[in-house]
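> take a look and give me a structure for this.
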Amino acid sequence: MFNVGDYIVYPMYGAGIITEIVEKDFLGEMRTYYNVSLPYCRMEASVPVDNTEKLGVRPIIDPKRIDEVIEVLKGDTEPMNPNWNKRYRENTERMQTGDILEVAAVVRNLVRTDRLKPLSTGEKKLLSTAKQILESELIYSGGYTMEEADEMVETNI
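So this is what the prediction gives:
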C-alpha cells in the first residue's frame, strides 16, 4: 500500500504524487482510493487501492535506474510492423505494462521512425503520450525540470 506523498506511476498517464487517501461510495459499496496529482498531464486521478496491482500502478524508479533508461534510448531501433495500425496497437500494449524501459523503447522507436517518415496522426499522439509518461517519471526520479527531462530524452535517441 502507498502513502500520501508517495510518487507513483499510473500506466498510460505517467508519474504523480498521492495527495490523499479517501473513502468513496461506489455502487453502494465503500472503497478506498488514492487521489493522485499528475501535474505533467495536468490531471487529477482517483485510483482504487484494491486495483493498483491490476492497473500496473507502481513506485517511481530508483534514480540509479535512470542509466538503464538512457541505454534503452541510445539502443538500436527495433523492427516494427509496417502496418501503422498494428504498430500502434503493439506500442500501446507495451506502454500499458507500465515498465519504464518499455515506454523508453516506444519513444525511441517512434522518434526515429518519425525522423525518417512522418508518423500518422494517431502515432504522433501516441508518441506525445509516451514521452509525457517517460519524462514525468524522469522528473520525479531524477529531480529534473521538464526541460531537462525532455532534453535528456531527445539527445539520447
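> domains in the chain, as residue ranges please.
Domain ranges of the chain: 7-59, 63-156, per automatic domain parsing.
> just put these in TSV and tack on mean neighbour count, distance to residue 1 and mean pLDDT.
(Glycine included, C-beta is placed from N, CA and C.) As requested, these are arranged in TSV below (neighbours: other C-beta atoms under 10 Å; distance: least, C-beta to C-beta, whole Å; pLDDT from 0 to 100):
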stretch	mean neighbour count	distance to residue 1	mean pLDDT
domain 7-59	15	7	92
domain 63-156	17	17	94
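> which residues are in contact with stretch 60-78?
With contact meaning C-beta atoms under 8 Å, 6 or more residues apart in numbering, stretch 60-78 is reached by 7-9, 15, 100-101, 104-105, 107-109, 112-113, 134, 137-138, 140-143, 152-153, 156-157.
> in strands, which of the residues you listed appear?
Here DSSP state E is the test, and the contacts of stretch 60-78 give 7, 8, 9, 15 as lying in strands.
> ok, so of those, who is nearest residue 89?
Distance to residue 89 across the ones in strands among the contacts of stretch 60-78 (C-beta to C-beta) is lowest for residue 9, with 21.7 Å.
> with adjacent residues omitted, what lies nearest to that closest one?
residue 15 (5.0 Å; C-beta to C-beta, 6 or more residues apart in numbering).
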